[in-house]
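Enquirer: only geometry, no sequence info:
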């Protein structure tokens, strides 16, 4: 920083809240608007106010998009250093990111840890007793597509085990940190009881990394490439 910016910071620190708001309005007039503000002909504050007034379903969708954006900004650059590049995709896909490293391709689906009534949703007690879950709180990630529909008589909202390779779960609801993720291999997820080719909607997510979930995406890629077969917290795994 320069001497001038240091002086500006000092003045702002000594200003009242009302004076800071005046400065903020002045800076908003002097700085170029965000492209979305320009496209929509409104301000960031108006957009945030509209989101705050929207129903839970709308906010859930926006939070999910924010989780994807955080993954792209905070996680993907680390993979780029390991030789993975983001590949372009066309149309609607069953994954959020397609990565490529030479001839290798990696499909990643990003989901936000589930909240219910404003708090992180916990894995239900009954299904938990059927699994070999670790001690502590077990949370939930909801793994199904946002929109429903049918194709050739089959529901399109469920995910199939062939739809993506790795599930990335953003843990902001329980950690308060948008850059907090856990990863697991898609084929390790729990299947639907009567439809074993489909991924169960509610999947258990632990408080911290374990033998099924890791906070290191490169380690999860190693799990995937070794072809190890597991099932989340299965008593037979």
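Expert: Cool, got the structure. Source: prediction; values computed, not measured.

Enquirer: tell me how far residue 201 lies from residue 49.
Expert: 33 Å (Cβ to Cβ, to the nearest Å). C-beta: built from backbone N, CA, C; applies to glycine.

Enquirer: who has more neighbours, these two?
Expert: residue 201 (16 against 12; other Cβ atoms under 10 Å).

Enquirer: could you find the closest non-adjacent residue to residue 43?
Expert: Spatial nearest neighbour of residue 43, excluding adjacent residues (Cβ to Cβ, 6 or more residues apart in numbering): residue 37 at 5.8 Å.

Enquirer: now do the contacts for that neighbour.
Expert: By Cβ atoms under 8 Å, 6 or more residues apart in numbering, residue 37 lies in contact with 43-44, 47.

Enquirer: so, low pLDDT: which residues of the chain?
Expert: For the chain, the stretches with pLDDT under 70 are 147-156, 237.

Enquirer: which SSE is the residue nearest the centre of it in?
Expert: Residue closest to the mean C-alpha point of the chain, counted by Cα atoms, centre = their mean, is residue 67 at 3.6 Å. For residue 67, the host element (DSSP states H and E) is helix 56-70.

Enquirer: and that helix, how far from the chain's centre?
Expert: 8 Å (Cα atoms, centre = their mean, to the nearest Å).

Enquirer: what lies in contact with that helix?
Expert: 51, 54, 96, 110-112, 115, 146, 170, 172, 178-179.

Enquirer: list just the nearest of those residues to residue 159.
Expert: residue 111 (10.0 Å; Cβ to Cβ).

Enquirer: can I assume the closest one sits in a helix?
Expert: No - in this structure, residue 111 is strand, not part of a helix, as judged by DSSP: H, G, I helix; E, B strand; the rest coil.

Enquirer: ok, it - contacts?
Expert: 64, 67, 141-143, 167-170.

Enquirer: how near is it to residue 73?
Expert: Applying Cβ to Cβ to residue 111 and residue 73 gives a distance of 17 Å.

Enquirer: and what of residue 219?
Expert: From residue 219 to residue 73 the distance is 21 Å (Cβ to Cβ).

Enquirer: domain assignment for this protein?
Expert: 3-53, 56-226 (automatic domain parsing).

Enquirer: and among those, the most buried is which?
Expert: domain 56-226 (a mean of 15; mean count of other Cβ atoms under 10 Å).

Enquirer: run the chain-centre distance for the strand or helix carrying residue 197.
Expert: Per DSSP H and E, residue 197 falls inside strand 195-199. On the basis of Cα atoms, centre = their mean, strand 195-199 sits 23 Å off its chain's mean C-alpha point.

Enquirer: report the secondary structure state of residue 232.
Expert: coil.
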